[in-house]
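Student: Curious how this folds, go ahead:
(chains A and B)
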Amino acid sequence: DTGVSQDPRHKITKRGQNVTFRCDPISEHNRLYWYRQTLGQGPEFLTYFQNEAQLEKSRLLSDRFSAERPKGSFSTLEIQRTEQGDSAMYLCASSLARAPLSPLHFGNGTRLTVT
Amino acid sequence: AQTVTQSQPEMSVQEAETVTLSCTYDTSESDYYLFWYKQPPSRQMILVIRQEAYKQQNATENRFSVNFQKAAKSFSLKISDSQLGDAAMYFCAYRSAGGANSKLTFGKGITLSVRP
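Tutor: Residues are numbered from 1 along each chain as shown, chains lettered A, B, ... in the order given. Modelled structure (predicted):
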């Protein structure tokens, strides 16, 4: 079990640029989640997938945000035309769908700084 | 929508002492799950303990235990024999038992410091 892997760990970008983050979940986990966390706050839900299907999207996820999980394995989160308010830690987590009490396993996150 | 409230932003405890972290939540559902997660300075969230709402018995994991009061919608975490490694942010989280609603809703967290 190698855990949930996120890449990159840090990303600095200029306002208006596009960025893409990758998440590799634990291999047997069929659910994958994206959260956003700002300093001193709890994680806020963005979206989640079961296999390749995107089952729920938060209203926080504006049309500049898009997430994919094309083959039901890794996922990408893209932010277009970044704004300073997008600066945050983006967390990925995975779990097993068949076990409701199954905990979410989190990655180390990608810290985005928009200058 | 469900909400989770952690009203204490910070707490401090002496090493080897006991501390209780508070959490309340609001829901109209009768079946759900509650969790406490720990986030050390390295930033990776780790599950501490979990509770099923239909179980009256409070969950216990070694030095960690909960006081679950369903009627009061309260879910506090007790850490006994506090250790320096317990210093972290702690988040209370709610998850609906409904199969279609899988996400965790987190509180704002509490920063716990442990004094040597």
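
Student: ok, what's across the strand from the nearest residue to A:P25 once chain neighbours are set aside?
Tutor: Computed as Cβ to Cβ, 6 or more residues apart in numbering or on different chains, the closest residue to A:P25 that is not its neighbour in sequence is A:S94, at 3.3 Å. Glycine gets a C-beta too; all of them are placed from N, C-alpha and C. Here A:S94 shows beta-bridge partners A:L32, A:H105, assigned using DSSP bridges.

Student: what does chain A have sitting close to chain B?
Tutor: A:31, A:33, A:40-45, A:48, A:50, A:55-56, A:89, A:91, A:93, A:95, A:97, A:100-101, A:103-104, A:106-109 (Cβ under 8 Å from any Cβ of the partner chain).

Student: Just the buried residues of those.
Tutor: A:31, A:33, A:41-45, A:48, A:50, A:56, A:89, A:91, A:93, A:95, A:100, A:103-104, A:106-109 (16 or more other Cβ atoms under 10 Å in any protein chain shown).

Student: Among the residues you listed, which ones are in strands?
Tutor: A:31, A:33, A:44-45, A:48, A:50, A:56, A:89, A:91, A:93, A:95, A:106 (DSSP state E).

Student: from those, which is closest to B:L84?
Tutor: Among those, A:F106 lies closest to B:L84 (Cβ to Cβ), at 22.5 Å.

Student: Setting the sequence-adjacent residues aside, check what's closest to the residue nearest the centre of chain A.
Tutor: Nearest residue to the geometric centre of chain A (Cα atoms, centre = their mean): A:W34, 3.1 Å. Spatial nearest neighbour of A:W34, excluding adjacent residues (Cβ to Cβ, 6+ apart): A:L46 at 4.3 Å.
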